[in-house]
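1. structure for this input, please:
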Amino acid sequence: MNIGLAFVTLSLFSVLKKQPSNAAIYYARPLSHRRHVPFHSPPSPLCRFLPSVAWVSRAFRVSEGEIIDAYGLDSLVIIRLFKFGIKFFAVCSLVGLVVLLPVNYGAQEVENGSSFTMDSFTISNVKIGSNRRIQQIQKLKHRPDQFTIVVREIPLCIEHKARDCCVDHFFSKHYPNTYYSYQMVYRTDDLEESVNQAKSLARKIEDMRESCMAKRSRDRLSLSGLLHQETSKAALLEEKLQALSHKIHQLQRKDILQKKELPVAFVTFKSRSGAAAAAHLQQHSHPLLWITEHAPEPRDVSWRNMRVSYRVVPLHRLGVLIAASLLTVFFAIPVTAVQGIAKYEKLKKWFPPAMAVQFIPGLSSIVTGFLPSVVLKGFIYIVPFTMFAMAKISGCIARSKEEIKACNMVFYFLVGNVFFWSVLSGSLLDLIGEFITQPNNIPSHLAEAVSAQADFFVTYILTDGLSGFSMEVIQPGMLIWDLLKSCAYGRQRERSPYLYSFPYFRIIPLVSLSVLIGTVYAVVAPFLLPFLVVYFCLGYVVFVNQIQDVYETTYETCGQYWPYIHHYILLAIILMQITMIGLFGLKLKPAASISTIPLIMFTWMFSEYCKMRFLPSFHHYSLLDAAENDEVDEKCGLLELRCESAMNAYYPPGLRPVNFMASESTSTPLVVHRVDKHRKRRRFLRKEMEQRVHPSFIRRWTYDVFLSFRGEDTRFGFTGHLYNVLCQKGIKTFMDSETLERGEQISATIFKAIEESRMAIIVFSKSYASSTWCLEELVRILDCKKTKKLRVYPVFYNVHPSEVRHQTGCYGLHLANHESKMRCEQEKVKIWRMALHEAANIAGWPFQNGRVEICYC
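-> Take a look at the predicted model:
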């Protein structure tokens, strides 16, 4: 049943993935990065509705280097977990099927008329006393967190009644050569609420305009009264938006923010080595003052937990531990009920009406095999989300730490309930009658329970793998939600992609549990191993597809999940060894049982060696690596830029530049008046003639200024300040951080914004040429300068115009890198070089280090 359901689901997915209308679901990641999704025209209309395996072959063609470059090291960790499962259990399957399976099966005494079950292939068939012998990567791109530390429990300055001056004084005094700047963290609930309200109002205004334009195109003779009413509503909403914008600017004032300071700050240093040294030192004789640690990646910061005092974090963690323990204990109730269904023969004694099931052909196998695993899977599905919600209140300042904590809680929950309690509850149904009369036999029955539950875990693996992975790839919830939204708003409305972060807290524990089950049953029930190979192969294909096309990388931990996966695997090995000690003892083979004990010691010693040898590399950034990377950046002239970029990366969400302006001015009339056909025709001809005579006088611009910039260099610094100043002066400015809807295509959005702007400001920074996106923008800007009289003004931000003009220094390195990667597109790189040369010859403004950015703007 699982195989048939998986085949149908995967076939349906291959068809749905070909439909352009489902791109927002199955191509959410490429759309969010503004990459074009190719829907090739099929040779026949029916080809689009035929299943294919192209997405499967693509998964096996991708290399690990491509995964790291495009999706990060954390994504590679997930892929490596599935690769480990494939390789490990493929070898185990070969040994188990060739050696162990014949041993287990040949040891049983076959009776006439007996039925063949999974128990026929387990170690439970080996007779007591039988003489049968059983034989059985941290050099990455620029990361702002390498220059930054987070400081907690900052004391209050008595003189100024503030903490910011205390931070500056402390680090200027004790780190005079390496300290650069700081960013305080504030309690900005009201500010963030106002920003969210303003965004909501801006979306409502935009939706109202789209609705009005749709009505205008659908019914040109619609009543003017209805549209006039919508115009009035839009004007009222814009008044509210302006009032909110003014309120936001007031709340962002320094004197207001200073009253909401938290005892937390991000401190930026001039070099990686300076930050690494400061993070590892105790800053004060009082251990609960000036507590420092490496800052999480900017995208990884949990701003909500920044307000939690460091002193009460242990209480939060204790509360989460108690809540998780209670959930684990009380979850034993549904697990016991599920195992009661699986043990049908005993269930008939406890619940006689269940005998009616055996009179329906085929229903008994479904009820005792498929149904228990489905019910258990349904209960388990909600557990990761519950644990993740608990982890969010544990006081972690990084989202990745919250997910890692949730991973641990979910894994031990699954081990306790799905594995141990499933094994014990299945055997307890057999032990109820003997529990009082023969208590000495309980240990032997518990040891035998592992092999007795083999059939249940085979079904569980099939349900979790075949059915679970096929449901994961087809995204049924998103399909239903998209259908409901389409019915409510209509298909003509442009949809944003359904983009979500990768659910590490859900995937890693479930897959690790399968590794544990397979490891324990590798000797006990080797017939389970081929199913695990299929499980990991399907999981590999599915999650390569999900990483490439569906899930977004919202943060990067540089593989912090791998030490925990390593711990789960070693735990599975130790559990398997303990199980074998008990089973050898039951078979009256004391020599084999005693010989297994040293294996536990060797496994533990190997675990301790790995902790000493490899674990520090995951948790600490070495001073040697920091110094080497600083030296490389200093030779390239990038060290100061990296430092400044790190400082700008940790602005609190409420202080970042935001655009609340609608895409069009309210001066654009929403009302369509009745006019006769001849008047429309005359107006059309007159407009066409005016455009031919002098188009520059009658052209209506959507934007006054288009900003082209490298986000990681200046988004929260120079360009962010420039954008705020232009908006405050009433100059309508396009900045792709907020105006652009995620998922819109380059040709439909960015290029259109360039063409509909009066002027463009190009902010040339150190990393501008490293982005192919920026270079494509530059080419289009210069084309519009020639064809549409677009005014272009370059700003040379910490670069000399000659570097841009002749592509020397950083610009030369970036262009050479593009040439090496784009060997088949050398002509495009030549066009970029010509565009840089042309733009650098335009008179612009230089900006050098040492100037105050906001004053310059």
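
2. tell me which helix or strand Ile149 sits in.
-> strand 148-152 (DSSP states H and E).

3. report the strands that pair with that strand, each with its relative direction.
-> In the sheet, strand 148-152 lines up against strand 261-269 (antiparallel), strand 291-294 (antiparallel) (DSSP bridges).

4. helix or strand right after the longest one?
-> What it means is strand 261-269. helix 272-279.

5. could you export the strands paired with strand 148-152 as a markdown table, including distance to Glu238?
-> Placement of C-beta: from N, CA and C, glycine included. Shown next, in a markdown table, are the strands paired with strand 148-152 (distance: least, CB to CB, whole Å):
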| stretch | distance to Glu238 |
| --- | --- |
| strand 261-269 | 34 |
| strand 291-294 | 45 |
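
6. related to what we said a few turns ago, dump the strand holding Ile149 to PDB, restricted to CA.
-> C-alpha atoms of strand 148-152 as PDB (Å, rounded to 0.1, in the frame of the first residue of the first chain):
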ATOM      1  CA  THR A 148      31.500  41.000  15.600                       C
ATOM      2  CA  ILE A 149      30.800  39.800  19.100                       C
ATOM      3  CA  VAL A 150      27.700  40.100  21.200                       C
ATOM      4  CA  VAL A 151      28.000  41.700  24.600                       C
ATOM      5  CA  ARG A 152      25.400  41.000  27.300                       C
END
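
7. next one: it to chain centre, how far?
-> Remark: strand 148-152 is offset 24 Å from the chain centroid, using CA atoms, centre = their mean, to the nearest Å.

8. go through the helix or strand that comes right after it and flag the buried ones.
-> Downstream of strand 148-152, the next assigned helix or strand under DSSP H and E is helix 164-174. Neighbour-count burial for helix 164-174, with 16 or more other CB atoms under 10 Å as criterion, is recorded at Asp164, Cys166, Val167, Asp168, Phe170, Phe171.

9. leaving out sequence neighbours, find the closest residue to the fourth one.
-> Meaning Asp168. Using CB to CB, 6 or more residues apart in numbering and skipping residues adjacent in sequence, the residue nearest Asp168 is Tyr182, 6.2 Å away.

10. backbone dihedrals for the one you found, please?
-> Tyr182 adopts backbone torsions of phi -150, psi 160, taken as degrees, to the nearest 10.

11. identify the residues contacting it.
-> Listed by CB atoms under 8 Å, 6 or more residues apart in numbering, the contact partners of Tyr182 are Asp164, Val167, Asp168, Phe171, Ala265, Phe266, Val267, Thr268.

12. just put the buried residues of helix 164-174 in CSV and tack on pLDDT and distance to Asn545.
-> Formatted as CSV, the buried residues of helix 164-174 follow (pLDDT from 0 to 100; distance: CB to CB, whole Å):
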residue, pLDDT, distance to Asn545
Asp164, 87, 48
Cys166, 91, 51
Val167, 92, 47
Asp168, 90, 49
Phe170, 93, 50
Phe171, 94, 47
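
13. name the element Ala753 belongs to?
-> If you go by DSSP H and E, Ala753 is part of helix 750-755.

14. okay, Leu257 and Ile404: tell me how far apart.
-> To Ile404, Leu257 is 32 Å away according to CB to CB, to the nearest Å.

15. next, count neighbours for Ser32.
-> Using other CB atoms under 10 Å, Ser32 is surrounded by 18 other residues.

16. quick check: it vs Tyr500, distance?
-> 11 Å.

17. could I have stretch 818-833 exported to CSV, CA atoms only?
-> Output in CSV follows, covering the C-alpha atoms of stretch 818-833 (Å, rounded to 0.1, in the frame of the first residue of the first chain):
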residue,chain,number,x,y,z
HIS,A,818,33.4,35.6,-13.5
GLU,A,819,35.6,34.7,-16.6
SER,A,820,36.7,31.4,-14.9
LYS,A,821,33.2,30.4,-13.9
MET,A,822,31.5,31.5,-17.2
ARG,A,823,33.7,29.9,-19.8
CYS,A,824,30.8,29.6,-22.2
GLU,A,825,29.7,33.2,-21.7
GLN,A,826,32.8,35.2,-22.3
GLU,A,827,31.0,37.6,-24.5
LYS,A,828,28.8,38.6,-21.6
VAL,A,829,31.8,39.3,-19.4
LYS,A,830,33.2,41.6,-22.1
ILE,A,831,30.0,43.5,-22.1
TRP,A,832,30.3,44.0,-18.4
ARG,A,833,33.8,45.2,-18.7
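
18. so which bits of that stretch are buried?
-> Buried residues in stretch 818-833, counted by 16+ other CB under 10 Å: His818, Glu819, Lys828, Val829, Ile831, Trp832, Arg833.

19. can you list contacts of that stretch?
-> By CB under 8 Å, 6+ apart, stretch 818-833 touches Ala769, Thr772, Leu775, Leu778, Val779, Gln807, Leu815.

20. same check, this time on stretch 322-336
-> Around stretch 322-336, the neighbours that count as contacts under CB under 8 Å, 6+ apart are 375-376, 379, 383, 386-387, 390, 409, 412-413, 416-418, 421-422, 425.

21. same deal with stretch 150-161?
-> 162-163, 165-167, 169, 263-267, 283, 288-296, 309-311, 397.

22. show me the shaky parts of the stretch 1-150 of the chain.
-> The stretch 1-150 of the chain contains residues with pLDDT under 70 at 1-2, 34, 36, 38-45, 96-142.

23. now do 90
-> Across the stretch 1-150 of the chain, the ranges flagged by pLDDT under 90 are 1-74, 90-145.
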